[in-house]
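Colleague: Predicted structure and sequence below. I'll ask about it afterward.
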Amino acid sequence: MIGLRSLLILIAAISTLVVTSWAATQSPRQHLLLDANWKFHLGDEWPEALHLESSGTGAGPASEGFDDTFWRTVDLPHDWAIELPFDAAADGGHGFKALGAKYQANSIGWYRRTLTLTEADKGKRIWLTFDGVFRDASVWVNGWFVRHHESGYYPFREDITDLVRFGKGNTIAVRVDATKPEGWFYEGAGIYRHVWLDKTAPIAIAPNGVFVRTLFEKNVPNNHPTIVVEARLLNSTGSGSKVTVRGQIVSPEGKEIGAFSKTASLARQSAGIVNLTSKIASPIFWSPESPKLYELVTTVSTGGVVVDRQRTAFGIRTVGFDPNRGFLLNGKPYVLHGTCNHQDHAGVGAAMPDALQEFRVRRLKDFGCNAYRTSHNPPTPELLDACDRLGMLVMDESRLMGSDSENMTKLDENIRRDRNHPCVAIWNIANEQFFVQDTPQAANVARTMQDYIKRLDGTRPVTYAAPEGNTYRGVNSVIEVRGWNYHYGPEMDRYHAEHPFQPNVGTEQASVVGTRGIYTNDSKRGYVSAYDVVWPGWTTTAESWWSFFADRPWLSGGFVWTGFDYRGEPTPYWWPCINSHFGILDTCGFPKDAFYYYKSWWTAAPVLHVLPHWNWPGREGQSVLVEVFSNCPQVELFLNGRSLGRKRMKANSKLSWEVIYAPGTLSAKGFDGAGKIIGESKVETTGPAVRLQLTPDRETIAADGEDISVFTVSALDAEGRAVPVAQNNVHFNIEGAGSILGVGNGDPSSHEPDTYLPTLPSREIPVLDWRWQRMPISKNKTSLPEYANDFTDSSWAALRAQAGGNESTIKTANTSAVYRSHLVLSEKDLKADRALACFSGCDDEGWYFVNGHFVGESHDWQARPVFDIRPFLHAGDNVIAVGVNNLYGEGGLNPNVTVRLLGKVVAPQWSRSLFNGLAQVIVRSTHAAGSFRLTATTDELKPATATVKTTPRARRPFVP
Ligand code: GAL
């Protein structure tokens, strides 16, 4: 007899097996990453490309035949702004990069990519999705213009089925114009988020077509939530169809715990919605502290055949705001320890690898941050994935306020894309619309946006980040949750008393500025003291805003401006400072002292942090301000073992001492209320740096060409102590299965490059003085005497047009001719790795020969053929000959021909100075399993090496 317990275990095992077996089932949908191997060119020499005179005939790089051989190959995500130099004359708000109207040649870029669709893809719908392009993107497919999309922050997508060819190559061209900014901070330039190719059956789930919600009666969590699924389907076939939608719910432990299905009719060439509901029992709730994720598997079938299957991660939780209790998570008050963040990081700018999103979310969690405001734009989906997985609430923000059709379409896309993420707790319709905020029109627009959001997602509240104080006019009078940017103080109490029905949240607070490791203001170098004492006029210190909010539960907590430093907005100084100082972390994610202030009051972990560092040669006998950020009820400070007194810590505060400097050890002891020691820490005067140290954040990463390891570079003294003032310039070399993506050091005034590009030695030689003669030619690649070196062509006619010109030499159809020119090369020229002969058109067909050897042919007058002729060259005189057959009208060889001698690619020498003891190197894996070794050297210190393992991991599905 089998016991009940064993039976349950058996059932659990079988259901796990079931889950595993359907997990392995392939979906007919292919969702493919289209990031690798784009060709990129900075510059816009083809203004005609945007004229769009007739369909399907894109000009310049938009045309199919365009030759991009010499364009750089880049993998996405890519931000070309990070590669540009700093310039004092450039726009400082955007980080002093040589980008914008003044730098037109740097501000427009082109990307091209070919992809092959197989014959087996025939009959499928083909979708192209861009997650984010900064900005003003124009897209062509096979020369057909398909889309213009301005905003740099919203995704866009096209069904390109009509334009593609199956069993053949297809060309995608994207023109990106980053001349105009959108915000007032660094925004990058280029295709800086992922691109996807989706292949679906003609009946399939619509883009962002699955919405899964968990409903509780009155939004109060209980043990029996209702899971509500809305599946939006597309039928692009010519006949109506019966479709069955099946939902399976998989628990965080990977067990199927519920399944439901429904059959509905879908009219021909239409979209339809199928709603499913089911109850589950004993849910495991999602929270930042326990980010447990369920999965919904949605399967669509027609006539018993599965046509689509998609997996959607979701969480079970409730969110809400109460006017008196503040933010509620799972029915209980939950204080938002939030930070606002832009989307750039040292070394890579806006082009953040997915693994870097995770790195950054972890750094924020390190000091107790539990909420992230995606200021001032919708985020990349991978940030939300990281927040779902790691546990971080999100305020998801729209770029602009507006109820015009374009803005509402973008809002629609934003909400549909992000509404399944449990991390998203609140929508924010805009930031600081100073000039209109209080007007009736702004109230109308806000109401329209809010109502629309509620229609798409009734589960989350809506806010607006309001800059001005005590007004209940315009947006503030219609918005569900009143947002407060700055202006903390009695006016908030008054507002709350006068509007007791409206919940509140601190959408943006603090904005205190500080430079990591700097303890005096230095306007010349653009540094500010990190003591939590410098703030612009509209803002306040960490201690002031937080102690005010912490005392008022109805305020829900709030979001600090900012978690990380970011490029641009170099407040309070301008050039040479190129980035902001607002961060609790610098641009690399290295903690500033403020990190410990927040950690003290935002976590339960004992914190005892003493600042500043204790390396002050020359200041002996002078007074130095010492502060302690701690959550210990009492703290005693010691200098070289001598007590400087014990002080009581007030909640949400900090302690300070004036200490007469003497080198040695400055230490602190933390005590609990009963006087028991609960923490000790110290800072010591170090010796000079003697060696470097490299510490990877992860010692094993996936060999998938996407994963990263983030190295901290530091300098140690003879006793192995980190030297907080080291500023050595460090060089980096990498060997093995990794490549350096970028370097940084958090110095807000550093003008060192974040990234270094390989160089390709190249020399271009024009091929001039062509002669030609009409004659019948052989089309079977056979050399004629006229192609050979020893043929004398002096009696032939000379082409009038030279390099850059064009000339129709053959005036009649079905007529052929031979063209010859000479290229004199030295022994040194022959050292080139490749010699690319670049032809610029041959009307209509051409057969190309070098020193009598056949090198290639072309059959399209628009083609710009390129052949590597290096193997056929010798020192001295070389003959290039082309047999041309003109089929229609006039024709001939375009004499604009060059030979490019290319050397070997030279890897760049990466380097970065330490800034107050630290620098960062971001290394990405290749596809090779094994390891890579990073070496750091300077002239002055002992070098360091560190090895990171790369373990096999299947690449996610991608377009080869
Ligand atoms: C706010 C604004 C932010 C940033 C900040 C600097 O008013 O919303 O984007 O500019 O000021 O303190």
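Modeller: In hand now; what should we look at?

Colleague: distance between the ends of stretch 670-687?
Modeller: 27 Å (C-alpha to C-alpha, to the nearest Å).

Colleague: Residue 547 belongs to a helix, doesn't it?
Modeller: Yes: applying DSSP: H, G, I helix; E, B strand; the rest coil, one finds residue 547 inside a helix.

Colleague: In space, what's closest to it - neighbours in sequence excluded?
Modeller: residue 652 (4.0 Å; C-beta to C-beta, 6 or more residues apart in numbering). Every residue, glycine included, has its C-beta placed from N, CA and C.

Colleague: What score does the one you found have for pLDDT?
Modeller: pLDDT for residue 652: 98.

Colleague: can you pull the contacts of residue 612?
Modeller: 519, 530-531, 593, 624-626, 683 (C-beta atoms under 8 Å, 6 or more residues apart in numbering).

Colleague: Surely the residue nearest to residue 547 and residue 546 touch.
Modeller: Yes: here residue 652 reaches residue 546: they are 5.5 Å apart, a contact under C-beta atoms under 8 Å.

Colleague: of those two, who's got more company?
Modeller: residue 546 (25 against 19; other C-beta atoms under 10 Å).

Colleague: any idea how far the more buried one lies from residue 467?
Modeller: For residue 546, the distance to residue 467 (C-beta to C-beta, to the nearest Å) stands at 20 Å.

Colleague: on that earlier part again, take the contacts of residue 612 and lay them out in JSON lines including distance to the ligand.
Modeller: Below are the contacts of residue 612 laid out as JSON lines (distance: C-beta to the nearest ligand atom, whole Å):
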{"residue": "519", "distance to the ligand": "22"}
{"residue": "530", "distance to the ligand": "17"}
{"residue": "531", "distance to the ligand": "18"}
{"residue": "593", "distance to the ligand": "19"}
{"residue": "624", "distance to the ligand": "29"}
{"residue": "625", "distance to the ligand": "25"}
{"residue": "626", "distance to the ligand": "28"}
{"residue": "683", "distance to the ligand": "30"}
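
Colleague: so of those, which ones are in strands?
Modeller: The strands, defined by DSSP state E, take in 624-626, 683 from the contacts of residue 612.

Colleague: What's the local residue count around the closest residue to residue 621 other than its chain neighbours?
Modeller: Nearest residue to residue 621, sequence neighbours excluded (C-beta to C-beta, 6+ apart): residue 660, at 6.3 Å. For residue 660, the count of nearby residues is 12 (other C-beta under 10 Å).

Colleague: how about the helices in the stretch 451-600 of the chain?
Modeller: Along the stretch 451-600 of the chain, the stretches classed as helices by DSSP state H, counting those that start in this stretch are 474-478, 490-498, 542-550, 594-602.

Colleague: Out of these, indicate the one that is most buried.
Modeller: Of all these, helix 594-602 carries the top mean neighbour count, a mean of 24, counting by mean count of other C-beta atoms under 10 Å.

Colleague: which residues touch that one?
Modeller: By C-beta under 8 Å, 6+ apart, the list of residues contacting helix 594-602 reads 337, 366-370, 512, 514, 530, 532, 542-543, 546, 550, 560, 584-585, 605, 607, 609, 611, 629-631, 651-652, 654.

Colleague: wouldn't the residue nearest to residue 621 be in contact with residue 626 here?
Modeller: No: contact between residue 660 and residue 626 fails when scored by C-beta under 8 Å: they sit 10.5 Å apart.

Colleague: taking the mean pLDDT, what do you get for the top strand by length along the chain?
Modeller: Longest strand in the chain, counting residues (DSSP E): strand 203-215. Mean per-residue pLDDT for strand 203-215: 97.

Colleague: out of the contacts of helix 594-602, which are buried?
Modeller: 337, 366-370, 512, 514, 530, 532, 542-543, 546, 550, 560, 584-585, 607, 609, 611, 629-631, 652, 654 (16 or more other C-beta atoms under 10 Å).
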